[in-house]
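*Asks:* sharing a model that was predicted from the sequence below.
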Amino acid sequence: MVSDIGNKEIIASNIRFYMGKVQRDRNDMCKLLGVPYTTFTDWVNAKTYPRIDKIEMMANLFNIEKSDLIERRGRSIRQDVPTTRIPVLGAVSAGLPIEAQENVEGYVYSSMRGAENCFALRVKGDSMDNAHVPDGAVAVIHKQPTVENGEIAVVMVDNQDATLKYFKQNGRTIVLSPRSSNLEHQHQIYDTKETDIKVLGKLVRVEIDGDLLAQPTA
């Protein structure tokens, strides 16, 4: 079997994957690793390969083994670890609210605690920052009717439109905020006396690469 060590594409994919899991963007990683933005960008774009000391630092930041970064994902997964199938229920907006879709389009699998109480949605839009929750990623959501201020939630607006945003409530005022610095993405402010706002759940994981592991059967 050919070794994965030194494969720029594999480590780039793994770095992006674990950044999504721990919800760190490129600027965060550069500060924590003490490297220039251009250097880190070359790693995640598979242009260069990190030094071993930086690989060790990233593994510590992600709370994983070094092998999880340098080897193809799935190669070392234990087959006896129970996993839960999480349905991907269509799309959710990371921009302006869009009409919610509830058709199962695939599944992701997870062994994390509480996975049986989760669902997943395909992200559309870039208001949550492409280094954080990228357009096209799969957002794994823990089903719960409330979240703390500052947490990322999927929120239903007037029982029709769903959006993925930072959530904040002060009395009857609810503010749904983007993460992007793009001025096109504005804070969405609602009065609960005028608009029906329902929290569907909290973002707990982001699947970026290899996310749809199986399609549903007819």
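*Replies:* In hand now; what should we look at?
*Asks:* what comes up buried for the longest helix along the chain?
*Replies:* Scanning the chain for the helix with the most residues, using DSSP state H, yields helix 8-22. Buried residues in helix 8-22, counting neighbours by 16 or more other Cβ atoms under 10 Å, are found at 10, 11, 12, 13, 14, 15, 16, 17, 18, 19, 20, 21. Glycine gets a C-beta too; all of them are placed from N, C-alpha and C.
*Asks:* what does stretch 159-166 give?
*Replies:* Buried, per 16+ other Cβ under 10 Å, within stretch 159-166: 162, 163, 164, 165, 166.
*Asks:* where does the second one land in three-state SS?
*Replies:* At residue 163, secondary structure determined by DSSP: H, G, I helix; E, B strand; the rest coil is strand.
*Asks:* ok, back up a step: can you lay out the buried residues of stretch 159-166 as TSV showing distance to residue 44 and pLDDT?
*Replies:* Formatted as TSV, the buried residues of stretch 159-166 follow (distance: Cβ to Cβ, whole Å; pLDDT from 0 to 100):
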residue	distance to residue 44	pLDDT
162	29	84
163	27	88
164	22	89
165	25	89
166	24	91
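*Asks:* of those, closest to residue 136?
*Replies:* residue 164 (12.9 Å; Cβ to Cβ).
*Asks:* give the contact list for the closest one.
*Replies:* Contacts for residue 164 (Cβ atoms under 8 Å, 6 or more residues apart in numbering) come out as 92-94, 121, 123, 128, 133, 139, 152-155, 203.
*Asks:* run the last query once more with 6 Å
*Replies:* 92, 94, 154 (Cβ atoms under 6 Å, 6 or more residues apart in numbering).
*Asks:* try residue 204
*Replies:* 140, 142.
*Asks:* what do you get for residue 143?
*Replies:* Counted by Cβ under 6 Å, 6+ apart, residue 143 has contacts 117, 201.
*Asks:* hmm, try it at 7 Å
*Replies:* Shown in contact with residue 143 (Cβ atoms under 7 Å, 6 or more residues apart in numbering): 117, 118, 119, 200, 201.
*Asks:* what's the answer for residue 44, then?
*Replies:* 12, 15, 16.
*Asks:* what number of residues lie near residue 45?
*Replies:* 12 (other Cβ atoms under 10 Å).
*Asks:* excluding sequence neighbours, find me the nearest residue to it.
*Replies:* Leaving out its chain neighbours, the residue that sits closest to residue 45 by Cβ to Cβ, 6 or more residues apart in numbering is residue 12, at 6.5 Å.
*Asks:* do you know the pLDDT at the one you found?
*Replies:* pLDDT for residue 12: 90.
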